[in-house]
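[1] need a 3D model of the sequence below.
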Amino acid sequence: MILDKKFRGNWKDYILQSAYAALTVLFITLILNLQHAVIIASIGSTAFIVFSMPNSIISQPRSIIGGHVIGFTVGVCFSMFPFSGWLFFSGLWYALAVGISFFIMVVTDTEHSPAVGTALGMTIVGYSHKAAIGISLGVIILALISRYMKSHIRNLV
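    I've put the predicted structure just below:
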């Protein structure tokens, strides 16, 4: 394994930005529980993008908020018609939720890859106030960080 060439000169940024991402995920984990593991993972992926690639188009507030709103909405809609017990149909249903979320994000120019995890998670567990609050807070916090902290965080990738 080879270390990133930028690491030696910027090791403090690597540690600090990794800690910020970890704290964000800790905050979301305290709100949600392991029943929402897929959603926590999608917020964690968003945190990775925001703190490692702050200048990327997918770490912009429009993509973060828009992508997760689409993922959440599609996932909730798909959760209304569960196919539990029928493995093939469940898998097909989950894949369809991901595919439709992907399509809507691309068409509306709100591409944010971790947000398809939100669609999948919401399809699996269904709507709950706790999930809505956790996703909303996580997405808003990360979008605000992306918007206002961009000059204080460095592109690490």
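
[2] how far off centre is the helix ranked longest in the chain?
    As assigned by DSSP state H, the longest helix anywhere in the chain is helix 7-31. Offset of helix 7-31 from its chain centre (CA atoms, centre = their mean, to the nearest Å): 15 Å.

[3] so what does it touch, helix or strand wise?
    Under the contact definition 3 or more CB pairs under 8 Å, 6 or more residues apart in numbering; DSSP states H and E, helix 7-31 sits against helix 37-52, helix 129-148. Any C-beta I mention is one placed from the backbone N, CA and C, and that applies to glycine too.

[4] ok, residues contacting that helix?
    For helix 7-31, the external contacting residues (CB atoms under 8 Å, 6 or more residues apart in numbering) are 40, 43-44, 47-48, 50-52, 130, 133-134, 137-138, 141-142, 145, 153-154, 156.

[5] identify each buried residue in it, please.
    For helix 7-31, the neighbour count (16 or more other CB atoms under 10 Å) marks Asn10, Asp13, Tyr14, Gln17, Tyr20, Ala21, Thr24, Val25, Ile28, Thr29, Ile31 as buried.

[6] now render the residues you listed as JSON lines, adding pLDDT and distance to Ala119.
    Formatted as JSON lines, those follow (pLDDT from 0 to 100; distance: CB to CB, whole Å):
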{"residue": "Asn10", "pLDDT": "90", "distance to Ala119": "35"}
{"residue": "Asp13", "pLDDT": "94", "distance to Ala119": "32"}
{"residue": "Tyr14", "pLDDT": "95", "distance to Ala119": "31"}
{"residue": "Gln17", "pLDDT": "95", "distance to Ala119": "27"}
{"residue": "Tyr20", "pLDDT": "92", "distance to Ala119": "26"}
{"residue": "Ala21", "pLDDT": "94", "distance to Ala119": "22"}
{"residue": "Thr24", "pLDDT": "90", "distance to Ala119": "20"}
{"residue": "Val25", "pLDDT": "91", "distance to Ala119": "19"}
{"residue": "Ile28", "pLDDT": "89", "distance to Ala119": "17"}
{"residue": "Thr29", "pLDDT": "90", "distance to Ala119": "20"}
{"residue": "Ile31", "pLDDT": "87", "distance to Ala119": "19"}
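
[7] burial check on Ala132, number of neighbours?
    13 (other CB atoms under 10 Å).

[8] got the contact list for it?
    Phe72.

[9] now do 10 Å
    Contact analysis of Ala132 by CB atoms under 10 Å, 6 or more residues apart in numbering lists Phe72, Val76, Met122.
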